[in-house]
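Asks: Sequence and predicted model, in that order:
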Amino acid sequence: KELSSGQVRQMFLDFFKSKGHSVEPSASLVPVNDPTLLWINSGVATLKKYFDGSVVPENPRITNAQKSIRTNDIENVGKTARHHTMFEMLGNFSIGDYFKKEAIHWAWEFLTDEKWMAFDPEKLYVTVYPKDTEAKRIWHEEVGLPLDHIVEIEDNFWDIGAGPSGPDTEIFYDRGEEFNDLAADDPENYPGGENERYLEIWNLVFSEFNHKPDDTYEPLPHKNIDTGMGLERMVSIVQNAPTNFETDLFMPIIKEVETLSGKFQYGDAPQTDISFKVIADHIRALAFAIGDGALPSNEGRGYVLRRLLRRAVMHGKKLGIDQAFLYKLVPVVGKIMDSYYPEILEQQEFIEKVIRTEEERFHETINEGLEILTQVIEKVKAEKKDTLSGEDIFKLYDTYGFPVELTEEVAEDEGLKVDHAGFEAQMQAQRERARAARSTDMSMGVQSALLTEIKVDSKFVGYANYETESELLV
Ligand code: ATP
Ligand code: MG
Ligand code: MG
Ligand code: MG
């Protein structure tokens with residue numbers, strides 16, 4: 001049955017409401033009273049106060065749909081079928097109440113029952129932690145999942161090095177053999193070990209140990225459940241879409257970008273499709289983050305926004321869009337999300353203004369860079385050379401914020417080559433200078449013990465991870 005994204009979100013919340021959970025609204029993407037996190041990156045991130053015991057919830061069963069941002073996935077966007085910078089995580093949580101058995105049974109019921117998602121059980125696979133024989137037993141003996149649909153994976157243990165930790169079980173959907181041929185960027189993440197045929201949709205974490213400083217694990221007095229399901233991935237299955245993008249969450253944005261481009265259509269070619277996807281993804285992150293009070297700037301959170309905006313502008317250029325356009329997508333995003341997130345349309349004018357101003361400023365930067373580049377090209381030609389030096393490219397990049405890919409494009413139009421190796425050497429030298437300058441200060445490690453980040457690969461590693469500001473530019 002074909003459901004809208006709004007219906008899938010609501011069904012999830014209704015399902016867990018029917019199991020005694022209180023529905024909590026999505027919290028702001030900007031963490032409140034939590035200096036350890038750059039962005040809210042999962043459903044549990046906003047519920048830390050309950051998990052660490054500092055606040056006792058009225059109801060130990062909670063469910064939510066939480067806007068989340070993961071900067072570690074920026075490079076994946078548009079390349080994999082399943083990653084976004086901003087996405088919605090649907091979750092159910094038990095604060096010392098129910099545990100493994102209920103969590104697994106309810107997940108199965110929601111996914112396969114006729115009244116809910118009605119997925120074909122044959123299509124579902126799960127991974128378990130090898131030592132978690134209990135989870136395997138529940139999946140196999142109680143749920144009835146055949147053993148060849150249960151894969152043991154050593155990685156299925158959630159642990160941030162201290163505090164609550166425990167095994168998890170992840171649920172995958174088999175999208176069919178035709179997906180075997182897709183480029184695999186991330187094969188180790190898949191039980192099939194090949195590609196995006198097996199789509200990870202839901203992660204159930206059984207938080208049952210306390211990881212102690214002496215590296216031993218002691219059973220927790222109160223065991224917790226923390227789950228996260230990607231709404232966009234669920235919707236791609238329900239709407240039979242090859243990637244998360246051919247769904248009602250993204251297609252209206254992509255259609256508008258087609259109109260703004262006038263030259264390219266979605267589906268024309270893989271390279272331009274990536275540009276459509278990146279723009280559709282990044283504008284959501286920008287609209288929501290700005291709606292939640294973050295602003296583009298030169299550091300931290302603001303720099304992430306600046307970087308997202310500049311990437312989107314550059315992809316716009318690839319589609320032949322040469323003036324500010326992202327701000328025009330804000331009402332489209334607002335309309336798609338309005339039923340659950342009215343905050344975008346409510347602040348439409350403000351969000352548009354922030355984005356437009358930032359876009360126009362970046363275009364100025366580009367224009368200034370183009371002038372300098374023209375001078376450089378004249379110089380190179382006058383010297384009867386055929387290659388732009390690594391130093392020149394680096395200076396344009398570092399001092400003027402001029403994107404390298406643009407330098408290359410312009411140079412090629414002028415019949416010139418660019419010295420990639422020379423540029424890389426300059427980048428490397430700068431990284432080393434930055435590292436030396438940093439040596440002692442730059443406290444990286446606010447990473448407080450408890451539930452700072454839920455998944456190893458989404459860990460906020462601190463600003464020190466950004467070697468230099470220019471590295472983030474595009
Ligand atoms: P993947 O292995 O696909 O990167 P993950 O294991 O990093 O996903 P979790 O940290 O387990 O993801 O998050 C729980 C769920 O949230 C995932 O099962 C997935 O459905 C969804 N999810 C995670 N990261 C993203 C993202 N960048 N974009 C969209 N959905 C995501
Ligand atoms: Mg995973
Ligand atoms: Mg996972
Ligand atoms: Mg991931």
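Replies: Nice, thanks for sending it over. As the structure is a prediction and not an experimental result, all values here were calculated from the model. Numbering: from 1, shown residues only. Ligands and ions are numbered 1, 2, ... in the order given.
Asks: Over to Ile95: give its phi and psi.
Replies: Dihedral pair for Ile95: phi -100, psi 90, per degrees, to the nearest 10.
Asks: Hmm, Asn224 and it touching each other?
Replies: Yes. With contact defined as Cβ atoms under 8 Å, Ile95 and Asn224 form a contacting pair (6.0 Å). Using the backbone N, CA and C atoms, a C-beta is placed for each residue, glycine as well.
Asks: between these two, what contacts are shared?
Replies: Residues touching both Ile95 and Asn224 (Cβ atoms under 8 Å, 6 or more residues apart in numbering): Phe51.
Asks: Looking at these two, which one has more neighbours?
Replies: Asn224 (24 against 21; other Cβ atoms under 10 Å).
Asks: so where does the more buried one fall, helix or strand?
Replies: strand 217-230 (DSSP states H and E).
Asks: Quick one: the strands in the stretch 301-450 of the chain, in order.
Replies: With DSSP state E, counting those that start in this stretch applied, the stretch 301-450 of the chain shows strands at 387-388, 417-418, listed in chain order.
Asks: Select, out of those, the one closest to ligand 1.
Replies: Proximity to ligand 1 (Cβ to the nearest ligand atom) singles out strand 417-418 among those, at 32.3 Å.
Asks: Identify the residues contacting that closest one?
Replies: Applying Cβ under 8 Å, 6+ apart, the external contacts of strand 417-418 come out as 386-388, 393, 407-408, 411.
Asks: Going through these, which ones are buried?
Replies: 388, 393, 407-408, 411 (16 or more other Cβ atoms under 10 Å).
Asks: can you point me to the longest helix in this structure?
Replies: Determined from DSSP state H, the single longest helix within the chain is helix 348-382.
Asks: counting contacts, what elements does it pack onto?
Replies: helix 270-291, helix 300-318, helix 330-337, strand 387-388, helix 390-400, helix 404-413 (3 or more Cβ pairs under 8 Å, 6 or more residues apart in numbering; DSSP states H and E).
Asks: Could you pull out the buried residues of that helix?
Replies: Across helix 348-382, burial judged by 16+ other Cβ under 10 Å covers 348, 351-352, 354-356, 358-359, 362, 365-366, 369, 373, 376-377, 380.
Asks: those helices in the protein, which residues are they?
Replies: Under DSSP H, the chain gives helices at 5-18, 48-51, 100-112, 133-137, 231-238, 251-261, 270-291, 300-318, 330-337, 343-346, 348-382, 390-400, 404-413, 420-438.
Asks: wait, doesn't Val354 sit right on Pro296?
Replies: Yes. Val354 lies in contact with Pro296 (Cβ under 8 Å); the separation is 7.1 Å.
Asks: What is the neighbour count of Asn72?
Replies: 17.
Asks: In CSV: the helices of the chain, plus distance to Leu38 and mean pLDDT.
Replies: Below are those laid out as CSV (distance: least, Cβ to Cβ, whole Å; pLDDT from 0 to 100):
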stretch, distance to Leu38, mean pLDDT
helix 5-18, 25, 98
helix 48-51, 15, 84
helix 100-112, 29, 98
helix 133-137, 32, 98
helix 231-238, 21, 98
helix 251-261, 25, 98
helix 270-291, 11, 96
helix 300-318, 6, 94
helix 330-337, 22, 98
helix 343-346, 20, 98
helix 348-382, 19, 94
helix 390-400, 24, 89
helix 404-413, 26, 85
helix 420-438, 18, 85
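Asks: For ligand 1, which of the ones you listed is the nearest?
Replies: That would be helix 231-238 among those, by Cβ to the nearest ligand atom, at 4.7 Å.
Asks: Which elements pack onto the closest one?
Replies: Using 3+ Cβ pairs under 8 Å, 6+ apart, the elements in contact with helix 231-238 are helix 5-18, strand 86-95, strand 198-211.
Asks: Could you identify which of these is most buried?
Replies: Of all the helices and strands packed on helix 231-238, strand 86-95 has the most neighbours on average by mean count of other Cβ atoms under 10 Å, namely a mean of 25.
Asks: distance of the residue lying closest to Glu256 once chain neighbours are set aside from Gln7?
Replies: Nearest non-adjacent residue to Glu256, counting by Cβ to Cβ, 6 or more residues apart in numbering: Val332, 5.0 Å away. As judged by Cβ to Cβ, to the nearest Å, Val332 and Gln7 stand 20 Å apart.
Asks: Count the residues that sit near Leu416.
Replies: Counted with other Cβ under 10 Å, Leu416 comes out at 18.
Asks: how about it, what does it touch?
Replies: Per Cβ under 8 Å, 6+ apart, neighbours of Leu416: 377, 380-381, 386-388.
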